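Enquirer: any chance you could fold what I've pasted below:
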Amino acid sequence: MSNADLTAILKRIHTCLSHHDYTTASTLLTRAKLALLSLNALVPAPTTPQPILALARETLELGALTSIRQQDPEGFTRYVQQLQPFYDLPSTRLPCAGGNKSKITGLYLLLLLSQGDYAGFHTLLEALEVSEDAHKLEEDVFIQYPVKLEQWLMEGSYDKVWGATKGERVPSEEYGVFSEVGLISLTGRRWHSEEGGRHYPTESPWLVLVGTIRAEIASCSEKAYTSLPISNAKNLLFLDSEGSVIAFAEARGWVVSDGRIRFPLQQEQGARTEKEILVASGTVIENTIGYARELETIV
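Expert: I've put the predicted structure just below:
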């Protein structure tokens with residue numbers, strides 16, 4: 001297969017992605033990788049011509065973007081690993097122009113963050129900080145997006161994390177995979193089930209990220225309050241209906257009665273003093289500052 005044939009295939013893959021036709025894109029990617037194999041270009045070699053290096057990088061990047069759109073983190077990770085030798089090449093050998101290194105790397109950072117792999121997240125970030133493109137990191141929206149999310153998660157600023165995952169605030173459509181809006185736009189339909197009245201694919205990175213946020217807020221709430229009105233808990237936990245709150249509460253072993261959620265005290269803890277409750281409440285208020293107005297009615 002000639003370079004022109006491979007270029008034509010890649011152009012068709014771009015068209016498939018723009019139309020959300022991932023099945024056809026995957027089939028075309030198989031053909032493109034077979035072409036690279038025949039050109040001995042799946043792994044860069046000192047003798048590989050620069051035009052073929054660029055085509056190989058583009059093929060693997062399209063594979064990575066297709067995988068993340070298909071909610072396939074394992075496939076995405078494999079493509080990232082295959083891309084690394086190309087990304088490690090000096091710019092004199094393979095110019096960054098025309099590639100998607102920044103977007104792919106940012107998505108991988110976001111995937112590591114959503115999986116709770118903070119060691120991998122910071123290892124990759126440290127490698128970027130000593131790379132030849134380190135001076136560009138502060139202005140790179142694709143890299144700064146997961147960096148800011150990680151900072152907010154560490155601070156407990158869950159409202160900022162939640163707001164940043166809304167569809168209009170993500171750097172690109174692929175980043176929308178980590179939000180409900182993105183899942184709907186990429187699949188064309190909602191998912192239904194127990195969690196919040198919707199079902200997300202079990203491998204979805206969004207499930208992990210949103211679950212982390214809710215678990216942290218729920219843990220703080222259990223320590224701060226003896227009970228909460230269901231309506232307030234709905235806003236606090238970023239749920240869209242009172243039915244979702246009840247399902248979430250029951251899953252955590254909370255008691256729901258008379259329009260309120262009651263947090264059973266651990267027997268060994270005993271009754272808390274008013275001072276202890278106020279201190280714990282302050283933590284919740286600080287962590288969910290965007291919902292201070294609702295919390296005022298609770299405290």
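Enquirer: other SSEs contacting the helix or strand hosting L10?
Expert: L10 is part of helix 3-18 when elements are defined by DSSP states H and E. With contacts defined as 3 or more CB pairs under 8 Å, 6 or more residues apart in numbering; DSSP states H and E, helix 3-18 has these neighbours: helix 22-38, helix 50-69. For the C-beta atoms, the positions are set from N, CA and C on the backbone; glycine is no exception.
Enquirer: for the first one, give me every contacting residue.
Expert: It stands for helix 22-38. By CB atoms under 8 Å, 6 or more residues apart in numbering, the list of residues contacting helix 22-38 from outside reads 1, 5-6, 9-10, 12-13, 16-17, 42, 55-56, 59, 62-63, 66, 69-70.
Enquirer: among the residues you listed, name the buried ones.
Expert: Neighbour-count burial (16 or more other CB atoms under 10 Å) is assigned, among the contacts of helix 22-38, to 6, 9-10, 12-13, 16-17, 42, 55-56, 59, 62-63, 66, 69-70.
Enquirer: can you redo the helices and strands packed on helix 3-18 as JSON lines with mean pLDDT and distance to Q115?
Expert: Converted to JSON lines, those look like this (pLDDT from 0 to 100; distance: least, CB to CB, whole Å):
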{"stretch": "helix 22-38", "mean pLDDT": "95", "distance to Q115": "22"}
{"stretch": "helix 50-69", "mean pLDDT": "95", "distance to Q115": "13"}
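Enquirer: and among the ones you listed, the most buried is which?
Expert: helix 50-69 (a mean of 22; mean count of other CB atoms under 10 Å).
Enquirer: quick check: next helix or strand after that one?
Expert: helix 73-87.
Enquirer: show residues contacting that next one.
Expert: So helix 73-87 is in contact with 42-44, 53, 56-57, 60-61, 63-64, 67-68, 94, 101, 104-105, 107-108, 111, 115, 203, 205, going by CB under 8 Å, 6+ apart.
Enquirer: tell me the buried residues in that helix?
Expert: For helix 73-87, using 16+ other CB under 10 Å, the buried residues are 73, 75-77, 79-80, 82-83, 86-87.
Enquirer: for stretch 219-226, same thing?
Expert: In stretch 219-226, counting by 16+ other CB under 10 Å, buried: 220-225.
Enquirer: same deal with stretch 156-169?
Expert: Neighbour-count burial for stretch 156-169 [16+ other CB under 10 Å]: 156-162, 164-165.
Enquirer: gap between it and the chain center?
Expert: Stretch 156-169 has its average C-alpha position 11 Å from the chain's average C-alpha position, going by CA atoms, centre = their mean, to the nearest Å.
Enquirer: straight-line length of that stretch, end to end?
Expert: Start-to-end span of stretch 156-169 (CA to CA, to the nearest Å) is 20 Å.
Enquirer: what pLDDT does T105 get?
Expert: The model reports T105 with a pLDDT of 96.
Enquirer: what about it, helix or strand, and which?
Expert: Going by DSSP H and E, T105 is in helix 101-114.
Enquirer: distance between that helix and the chain's centre?
Expert: With CA atoms, centre = their mean, you get 8 Å for helix 101-114.
Enquirer: show me what the helix or strand following it is packed against.
Expert: Moving toward the C-terminus from helix 101-114, the next helix or strand (DSSP H and E) is helix 118-129. Using 3+ CB pairs under 8 Å, 6+ apart, the elements in contact with helix 118-129 are helix 101-114, helix 141-155.
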